[in-house]
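Visitor: give me the fold of what follows.
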Amino acid sequence: MAFVPLPAPADPAQLALRIRELAREAGFQRCGIAGIELGEDEAHLADWLAQGLYGTMEWMARHGTMRSRPAELVPGTVRVISVGLDYGHKDDQAAWATLQEGERAYVARYALGRDYHKLMRNRLQKLAERIAGEIGPFGYRVFVDSAPVLERALARNAGLGWIGKHTCLIDRNGGSWFFLGEIYVDLPLPVDPPATAHCGTCTRCIDICPTAAITAPNRLDARRCISYLTIEHEGPIPEEMRPLMGNRIYGCDDCQLVCPWNKFARRTDEPDFRARNELDSATLPQLFAWDEDEFLRRTEGSAIRRSGHERWLRNIAVALGNAPTSDAVLQALRSREHHPSQLIREHVQWALARHARTGGPDSTAVHATMAGHALPPRIDE
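Guide: Coordinates of the predicted model:
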């Protein structure tokens, strides 16, 4: 929708309060309002890009300052309404158990159910329409991870949480298991105070990262990140990274699972976020058996589908190479040994060679349990 300048609302403060009420009614657990000044974050992003830490995600550098200057992306923007939607299930122990069972597949918690993008976009659109219904037409545009937006910086400035050392947003009253969405608006609303950081001296997220992708507080090398390698990266996974991936076939949650602030995470029973196709309990051979038609059918409406069947099999082949040696694991790998895709064949051959050379990884070394990590030195209260 094109922005059309309108007179400011008679009482912006009251409108801001009403927007928060409407956001809660729309199903969002968090809502705040931020300005559009992101100078420090722009410098941080420019430095990250200059170091090439984005891997093959050229789109991260493609939009110039549009990502950090909302009014360049949507002319007329003066404020951003930032919202958060919980997706946690209070299943941390089950997640750790899956990571320890090498023949089971680990899928990032956010991707177990339906794709959150459509659900959030629809709710944000309805929220904007409800606001318009009360004050009349105004300029706005809705975003859910769909454009060059510094969503975590905007959410922090809107008071939804601080950016943790793992680069995820943390709410001191609700942890980090939540999605973000935004409405860029031309309404001169009062802004909320930004959230302050409360990680203290804790480094559990840095220490737990299987591939050492968090190279320093608030510094993520995407090229080493399992989420990047299994979702965004299109080619062969670097061989030195493969043994470190364990049984993670789509994304990684370790840094969130270990974060002490997630003891405050809220459980959601949003039907769309419930696990589908038994992805929270399936074995690697079961998922490796999906042909492309079955993959497309089972991942309809899922975030997993956008990575495609080829990357799905590539990721599972790596996980099978890391699994304890068994007849089921070896039979699964041999079933794809002559796959038409050279990418898949390469990873299957690597996995088979790994089993032949070592007899398979030690299942006890797949991952340390949460209990195996010392408590952090302190958490700021």
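
Visitor: gap between stretch 240-253 and the chain center?
Guide: 15 Å (Cα atoms, centre = their mean, to the nearest Å).

Visitor: oh, that last question was meant for stretch 41-52, not what I typed.
Guide: 20 Å.

Visitor: for it, which positions count as buried?
Guide: The neighbour-count check on stretch 41-52 (16 or more other Cβ atoms under 10 Å) flags 41, 42, 44, 45, 48 as buried. Bear in mind the C-beta positions are built from the backbone N, C-alpha and C, glycine included.

Visitor: return the member of these nearest to residue 206.
Guide: residue 48 (16.6 Å; Cβ to Cβ).

Visitor: list the contacts of stretch 297-312.
Guide: 107, 110-111, 113-118, 230-231, 234, 249-250, 276-277, 287, 290-292, 295-296, 341, 343-344 (Cβ atoms under 8 Å, 6 or more residues apart in numbering).

Visitor: now it: mean pLDDT?
Guide: Average pLDDT, stretch 297-312: 96.

Visitor: same check, this time on stretch 235-254
Guide: Rounded mean pLDDT across stretch 235-254 is 98.

Visitor: where do the domain boundaries of the protein fall?
Guide: 12-89+112-185, 283-360 (automatic domain parsing).

Visitor: quick one: buried residues of the helix or strand of the chain with the lowest mean pLDDT?
Guide: Lowest on mean pLDDT, DSSP states H and E among the helices and strands of the chain sits helix 59-62, with a mean of 85. When neighbours are counted by 16+ other Cβ under 10 Å, the buried residues of helix 59-62 are found to be residue 60.

Visitor: can you pull out the residues in contact with whichever strand or helix holds residue 351?
Guide: Secondary structure from DSSP states H and E places residue 351 in helix 342-358. Here helix 342-358 makes contact (Cβ under 8 Å, 6+ apart) with 235-237, 239, 242-243, 310, 313-314, 317-318, 320-322, 325, 329-330, 333-334, 336-339, 360-361.

Visitor: returning to that earlier point: can you select the buried ones from the contacts of stretch 297-312 in ChimeraX?
Guide: Only the buried members of the contacts of stretch 297-312 end up in this ChimeraX selection, burial being decided by 16+ other Cβ under 10 Å:
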select :107,110,111,113,114,115,116,230,231,249,250,276,277,287,290,295,343,344
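
Visitor: what about burial for the contacts of helix 342-358, which qualify?
Guide: Buried, going by 16+ other Cβ under 10 Å: 237, 242-243, 310, 313-314, 317-318, 320-322, 325, 329-330, 333, 336, 339, 360-361, out of the contacts of helix 342-358.

Visitor: mind listing which of the contacts of stretch 297-312 are in helices?
Guide: The helices, defined by DSSP state H, take in 116, 117, 118, 287, 292, 295, 296, 343, 344 from the contacts of stretch 297-312.

Visitor: wait, what's in contact with the fourth one?
Guide: So that's residue 287. Residue 287 touches 105, 249, 312, 316, counting by Cβ under 8 Å, 6+ apart.

Visitor: returning to what we had before: residue 77: which of the ones in helices among the contacts of stretch 297-312 is nearest?
Guide: Of the ones in helices among the contacts of stretch 297-312, the one sitting nearest to residue 77 (Cβ to Cβ) turns out to be residue 117, at 21.0 Å.

Visitor: I figured the closest one was touching residue 142, is that so?
Guide: No: in this structure, residue 117 is not within contact of residue 142 by Cβ atoms under 8 Å, at 11.0 Å.

Visitor: ok, back up a step: can you put the contacts of residue 287 in JSON lines and add secondary structure and distance to residue 150?
Guide: Formatted as JSON lines, those follow (DSSP: H, G, I helix; E, B strand; the rest coil; distance: Cβ to Cβ, whole Å):
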{"residue": "105", "secondary structure": "coil", "distance to residue 150": "32"}
{"residue": "249", "secondary structure": "strand", "distance to residue 150": "29"}
{"residue": "312", "secondary structure": "helix", "distance to residue 150": "30"}
{"residue": "316", "secondary structure": "helix", "distance to residue 150": "33"}
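
Visitor: thinking again about what came up before, hey, C-alpha coordinates of the helix or strand just after the least confident helix or strand of the chain in CSV?
Guide: Counting by DSSP H and E, the next helix or strand C-terminal to helix 59-62 is helix 70-73. Extracted in CSV, the C-alpha atoms of helix 70-73 (Å, rounded to 0.1, in the frame of the first residue of the first chain):
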residue,chain,number,x,y,z
PRO,A,70,13.5,1.7,7.0
ALA,A,71,12.4,4.9,5.2
GLU,A,72,14.6,3.8,2.2
LEU,A,73,12.8,0.5,2.0
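
Visitor: and for helix 70-73, what's in contact with it?
Guide: 36, 38, 63, 65-67, 77-78, 80, 147-149, 154, 184.
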